[in-house]
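Peer 1: Quick one: sequence and predicted model below, then my questions.
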Amino acid sequence: MDESIKITTACHQVQCHECAYLVEVPALYHRQRAHCPRCQYVITTYYQNMTQKLVAFSVAALIFMVAALCFKFLSFSANGQYHAINIISSIEVLAENNYLVLAMLQSAVILLLPVTILFCLLYLLVPVLFGKKPKYAAVLLKTIFALRPWTMVEIFLVAVLVSLVKIMSMADIGIGISFYAYALFAVCMTCTLMYLDKHQLYLLTSCEMPDAPKRHSSSHSIQTTWALLVTSMLFYIPANTLPIMHTDILGDDQPSTIIGGVITLWKMGSYPIAAIIFIASVVVPVAKLSILCWLNYSVQSRYTGRKKTRMIGYRLTEFIGRWSMIDVFVVAILVSLIQLGNIMSIYPGYAALAFCAVVILTMMAAISFDTTLIWSDR
């Protein structure tokens, strides 16, 4: 049989992750998807030679990551002053400025968690290539898919590009080898996650596919989600009213809020960058909070209509939520790069921490929300 039309194993039943409906998954051709007939959730997408592709992209990603850590990432020079950073030193600068939480968060989402996923995948899939069953497969698979939403490699790369546009008019910017290595790492990591199909991985490692997640009770899920949403709303106030960063030029402190930064970029003529920051830092958090509040209220009030529409809203919040971290990463990069003493230095503001809390709490709220309640006949 032609390699391009090989199919998966025989038909079998699985429980839909989002609505708990029992789905008969048929044999699939290459790139063919199996959807839940009730909520249209993609149960699985079959890729021919998925194991080989995942191993290849994982190894390539790790190689590029090592290269990204070994060389200069960015440099900044103005008025005869010069400062260069690599990825590790950029995190150290944040820690030295008493923003240890921000430093730990950045190191986790752009380095530690992606690398953990890659090593877990290689541990699982290399034995599969040789026809062996890996040990602790079930635990590692749960770890991989629990960490997956928290990896933000591509978001950090976009934030670097936004940062360069913001400071290009201020001084000379140098791009080091590590930047290109990290860009290639981001490409390989994105390809790895693209081929990362939960259903197929459980089949490959001979693990039993877990059922849809069960909460302690519907009221427990609703209360937890409300608590996270209300807390994130409270953090959203200082995130938008307090300065997200301070620019010190010759002893003159110039604080900047999120909206203030957007207005400055717009006045400078950087319309696309201003639009990206505004959408990621203002529109996305408000939209996500609004949608999650609507979803949680709908299940609490036992509303039974618009089930598919509500599922679309939930999936939208899952997709866009992480991208709000762009502005936080922009601040982290500028703080790390622009440290020229009294001539010019940038420091993070308390709004950066508050905005981090908003992003993390809304992501946790989306995770805690039980989508099966939308389809429940309570």
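Peer 2: Received the coordinates, thanks. Numbering: from 1, shown residues only.
Peer 1: When you work out contacts or count neighbours from here on, use the C-alpha atoms and nothing else.
Peer 2: Fine.
Peer 1: Helix or strand: which one has Asp248?
Peer 2: Using DSSP states H and E, the element containing Asp248 is strand 245-249.
Peer 1: Residues in contact with that strand: which ones?
Peer 2: The contact list for strand 245-249, computed with C-alpha atoms under 8 Å, 6 or more residues apart in numbering, reads 253-257, 331, 342-352.
Peer 1: Would you indicate which residues of that strand are buried?
Peer 2: Buried positions in strand 245-249, judged by neighbour count with 16 or more other C-alpha atoms under 10 Å: Met245, His246, Thr247, Asp248.
Peer 1: In TSV: these, plus distance to Gly174 and pLDDT.
Peer 2: Below are those laid out as TSV (distance: C-alpha to C-alpha, whole Å; pLDDT from 0 to 100):
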residue	distance to Gly174	pLDDT
Met245	23	86
His246	23	82
Thr247	21	80
Asp248	22	77
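Peer 1: Switch those over to JSON lines; also include distance to Pro285.
Peer 2: As requested, the buried residues of strand 245-249 are arranged in JSON lines below (distance: C-alpha to C-alpha, whole Å):
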{"residue": "Met245", "distance to Pro285": "19"}
{"residue": "His246", "distance to Pro285": "23"}
{"residue": "Thr247", "distance to Pro285": "25"}
{"residue": "Asp248", "distance to Pro285": "29"}
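Peer 1: Mind listing residues that contact the one helix or strand Phe64 maps to?
Peer 2: Under the criterion of DSSP H and E, Phe64 resides in helix 50-70. Applying C-alpha under 8 Å, 6+ apart, the contact partners of helix 50-70 are 86-88, 115, 118-119, 121-122, 125-126, 128-129, 177-182, 184-186, 188-189, 191-192, 195-196.
Peer 1: CA atoms only for the strand holding Asp248, dumped as PDB, please.
Peer 2: Extracted in PDB, the C-alpha atoms of strand 245-249 (Å, rounded to 0.1, in the frame of the first residue of the first chain):
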ATOM      1  CA  MET A 245       7.500  49.900  33.000                       C
ATOM      2  CA  HIS A 246       9.600  52.900  33.900                       C
ATOM      3  CA  THR A 247      12.100  54.500  31.500                       C
ATOM      4  CA  ASP A 248      14.900  56.400  33.300                       C
ATOM      5  CA  ILE A 249      16.600  58.800  30.900                       C
END
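Peer 1: ok so, going back, which ones among the contacts of helix 50-70 map onto helices?
Peer 2: 87-88, 115, 118-119, 121-122, 125-126, 128-129, 177-182, 184-186, 188-189, 191-192 (DSSP state H).
Peer 1: element containing Val76?
Peer 2: Just to correct that, residue 76 is Phe rather than Val. strand 74-78.
Peer 1: about what we covered before: out of the buried residues of strand 245-249, the closest to Tyr314 would be?
Peer 2: Closest approach to Tyr314 among these (C-alpha to C-alpha): Met245, at 32.0 Å.
Peer 1: What separation do you get for the closest one and Tyr303?
Peer 2: From Met245 over to Tyr303 the distance is 43 Å, taken as C-alpha to C-alpha, to the nearest Å.
Peer 1: what does Pro272 give?
Peer 2: To Tyr303, Pro272 is 40 Å away according to C-alpha to C-alpha.
Peer 1: Where does the prediction get shaky in the stretch 1-150 of the chain?
Peer 2: Applying pLDDT under 70 to the stretch 1-150 of the chain flags the ranges 1-11.
Peer 1: cool, and the stretch 151-300 of the chain?
Peer 2: The stretch 151-300 of the chain contains residues with pLDDT under 70 at 210-218, 251.
Peer 1: can you pull out the strands in it?
Peer 2: Here the stretch 151-300 of the chain has its strands, by DSSP state E, counting those that start in this stretch, at 172-175, 245-249, 252-256.
Peer 1: Save the ones you listed as JSON lines, and put in distance to Leu54 too.
Peer 2: JSON lines is the format used below for these (distance: least, C-alpha to C-alpha, whole Å):
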{"stretch": "strand 172-175", "distance to Leu54": "30"}
{"stretch": "strand 245-249", "distance to Leu54": "40"}
{"stretch": "strand 252-256", "distance to Leu54": "43"}
